[in-house]
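[1] Can you look at this prediction? I've put the sequence above it.
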Amino acid sequence: MATPPNPLVRVSTSGTVAKCKNYSDSPATAGLVLTATGEDNVPNWAAPAGAADIKVSNIMFVDAGAVALGANGSLSHPFTSIQPAIAAMVAAGWVAGTIRLATATYIDPVAIPIGLAVSFDGWDPQAPAILGGDITITGGIGSSDLVSFTNCTIVAANITAADPLTQDLQLLFDKTFNSAAITSFNALLTYFQSTQGGAITCTGLTISWDGYSWARTLQVAPAIVPAAYTRQFFDAGHDTYQRSLTLAAVAIGTTAFQSMVVPDYVRADDFVQMQVLDPSVRDFICGVHGVDAGAVVVWLTNLSRVSTDFDEAILLLVHHEAMVAEPPP
């Protein structure tokens, strides 16, 4: 004799016409699962168990690969692009917030309103978030809200003030490569373990560097206007430059001075040392007398060279330091 079917077994389906405790005609919805609503109720589509919103104060989550349905900036329902996250910050009345970016390329342009300080934080340091859309910031006049980038690669063409003739920007880059051109009236820029690849064009400009950022940016050599901007260093920021010390007609027993032109990023308050690359040549001695803007003043004493002409390979070690006045003795 065959065993009769178990009357308690329920099979939930969608797309049917009839509704009962076993069937549902609710359309399938991406990101949701068909869920029982009680023994005698019609099953319906709902978020998976354990997928309740996880919200963190003043943090919006963005993931280009997430499902757009129900996006609200929470960890479980991130936005899929950046601008909706900024709009949600404004709607919530935030004056500062962090946008945590999943590894992806975000190509849409971004506009940041005045009164909102935003931190763009790529949450995977091994695979930085890529920002490909132009970033426009409505800056203040005389002051501005800080916009910072951490673990990001910025390939956008521009980071600009909404009105670059009157508005100022304050930007910070941490472990970020930025190839975007920066344009504003005045700008206060800070770099930690980062590289500035794009040009900088401002009326007034102050840049603070650590040694890594200074060295890497010099390798790229972006155009920076004004050239005589204010520079501050968090550490020594060492650079080495190989040059030729060339002096003619220096008689034996006499000393000559030369203002040696070096790249214009040598400041008057840098500290410079010099060594001769061929230590076997010992018929002269030389050293650094002082540093001027864009030049290192060196001296050479002819000990015994009869020809009196010198064309010697030397190496300059430059310590880019924000020197401070020592207290009087």
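    Nice, I can see it.
[2] From now on I want contacts and neighbour counts done on CA atoms only, so please keep to that.
    OK.
[3] And A227, how far from A187?
    For A227, the distance to A187 (CA to CA, to the nearest Å) stands at 14 Å.
[4] neighbour count winner among the two?
    The neighbour comparison of A227 against A187 (other CA atoms under 10 Å) goes to A187, with 26 against 12.
[5] Does the more buried one touch T201 like I think?
    No. At 9.1 Å, A187 and T201 do not qualify as touching, with contact defined as CA atoms under 8 Å.
[6] ranges for the strands of the stretch 201-329 of the chain?
    204-209, 224-225, 230-233, 239-247, 255-261, 271-276, 284-292, 295-302, 310-319 (DSSP state E, counting those that start in this stretch).
[7] Just put the ones you listed in JSON lines and tack on mean neighbour count, mean pLDDT and distance to T80.
    Formatted as JSON lines, these follow (neighbours: other CA atoms under 10 Å; pLDDT from 0 to 100; distance: least, CA to CA, whole Å):
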{"stretch": "strand 204-209", "mean neighbour count": "19", "mean pLDDT": "92", "distance to T80": "33"}
{"stretch": "strand 224-225", "mean neighbour count": "16", "mean pLDDT": "95", "distance to T80": "35"}
{"stretch": "strand 230-233", "mean neighbour count": "16", "mean pLDDT": "82", "distance to T80": "38"}
{"stretch": "strand 239-247", "mean neighbour count": "15", "mean pLDDT": "89", "distance to T80": "43"}
{"stretch": "strand 255-261", "mean neighbour count": "15", "mean pLDDT": "94", "distance to T80": "52"}
{"stretch": "strand 271-276", "mean neighbour count": "18", "mean pLDDT": "94", "distance to T80": "50"}
{"stretch": "strand 284-292", "mean neighbour count": "17", "mean pLDDT": "95", "distance to T80": "52"}
{"stretch": "strand 295-302", "mean neighbour count": "20", "mean pLDDT": "96", "distance to T80": "51"}
{"stretch": "strand 310-319", "mean neighbour count": "17", "mean pLDDT": "93", "distance to T80": "45"}
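[8] Mind putting these into TSV with distance to A68?
    Below are the strands of the stretch 201-329 of the chain laid out as TSV (distance: least, CA to CA, whole Å):
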stretch	distance to A68
strand 204-209	39
strand 224-225	41
strand 230-233	44
strand 239-247	49
strand 255-261	58
strand 271-276	56
strand 284-292	58
strand 295-302	58
strand 310-319	51
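[9] Was I right to think F61 contacts S81?
    No. Contact criterion CA under 8 Å: F61 and S81 do not qualify, at 9.5 Å.
[10] the more surrounded of those two?
    Neighbour count, other CA under 10 Å: between F61 and S81, F61 has more, with 26 against 22.
[11] Check which helices and strands the one helix or strand the more buried one maps to is in contact with.
    Using DSSP states H and E, F61 sits in strand 59-62. Here strand 59-62 touches helix 82-91, strand 96-101, going by 3 or more CA pairs under 8 Å, 6 or more residues apart in numbering; DSSP states H and E.
[12] Mind listing what's buried along the longest one?
    Applying a neighbour-count criterion of 16 or more other CA atoms under 10 Å, the buried positions in helix 82-91 are I82, Q83, P84, A85, I86, M89, V90.
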